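Participant: need a structure here:
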Amino acid sequence: AIAEHIQKRLQDFGFGHADLLEVDPEEVRAHGMIRVANVVSKTTFGDGQGPEIALNSHGDVVAPGLGWTYDPYGGEIVDGKLYGRGAAVSKSDIASYTFAVMALRQVAEKLSGKVALAFNFDEETGGEIGPKWMIEKGHIQPDMAFSAGFSYSIVNSHNGCLHLEIKIKGKSAHAAAPYTGHDAIEAMTGVL
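Facilitator: So this is what the prediction gives:
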């Protein structure tokens, strides 16, 4: 529903090509989800020969947890503040990127290249059917990308999560002759 809303809003804001890209239901289920549709809208500036920059953000969120004062899915505005799960991360990024491209339209004659708004709904489960899917299917071919982050500095990467399982094999030895074996725990300290 959020992807459909974003597509409609982009069209309302004059983004002629705002594509709602449904991911195959079997692929979606294989990633433990119910439905995924990503949204891509490209704006070409000048002759389009410059770099393609992807402004990537996600619309999915983790479960809200307990202790909410307001409905986490309500999107209520109270005293000028928006309350709801995902109001700051990353729906605000989707809005910021959209308005940034709208601002660039005002100086379009000075620019050359493309900006792809690439909004996905698979950040919280790994990105396989979000950003990776959009790249592999050819919906975006960025030369560089901006993604939501928690720094005001320019960085060349984004924090993420990588889970590894490392197995170190040892060789048993008698305590009187430890040199005849290999201590796997000692070897693991070097890896750590």
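
Participant: remind me, longest helix of this protein?
Facilitator: Taking DSSP state H as the criterion, the chain has its longest helix at helix 91-104.

Participant: Would you check that residue 100 makes contact with residue 55?
Facilitator: Yes. Counting by Cβ atoms under 8 Å, residue 55 is a contact partner of residue 100 at 7.1 Å. Backbone N, C-alpha and C define where each C-beta goes, glycine included.

Participant: okay, those two: which has more neighbours?
Facilitator: residue 55 (22 against 13; other Cβ atoms under 10 Å).

Participant: any idea how far residue 119 is from the more buried one?
Facilitator: Between residue 55 and residue 119 the distance, using Cβ to Cβ, to the nearest Å, works out to 9 Å.

Participant: isn't residue 74 right up against residue 86?
Facilitator: No. Using Cβ under 8 Å, residue 74 is not in contact with residue 86; the gap is 11.7 Å.

Participant: if you count what's nearby, which of the two comes out ahead?
Facilitator: More neighbours surround residue 86 than the other of residue 74 and residue 86, with 20 against 12 (other Cβ under 10 Å).

Participant: On the three-state scheme, that one is what?
Facilitator: coil (DSSP: H, G, I helix; E, B strand; the rest coil).

Participant: list the contacts for it?
Facilitator: Residues in contact with residue 86 (Cβ atoms under 8 Å, 6 or more residues apart in numbering) are 59, 60, 61.

Participant: what's around the spatially closest residue to the second one that is not a sequence neighbour, how many residues?
Facilitator: By the measure of Cβ to Cβ, 6 or more residues apart in numbering, the closest residue to residue 60 outside its immediate chain neighbours is residue 121, 4.5 Å from it. Burial of residue 121, expressed as a neighbour count using other Cβ under 10 Å, amounts to 23.
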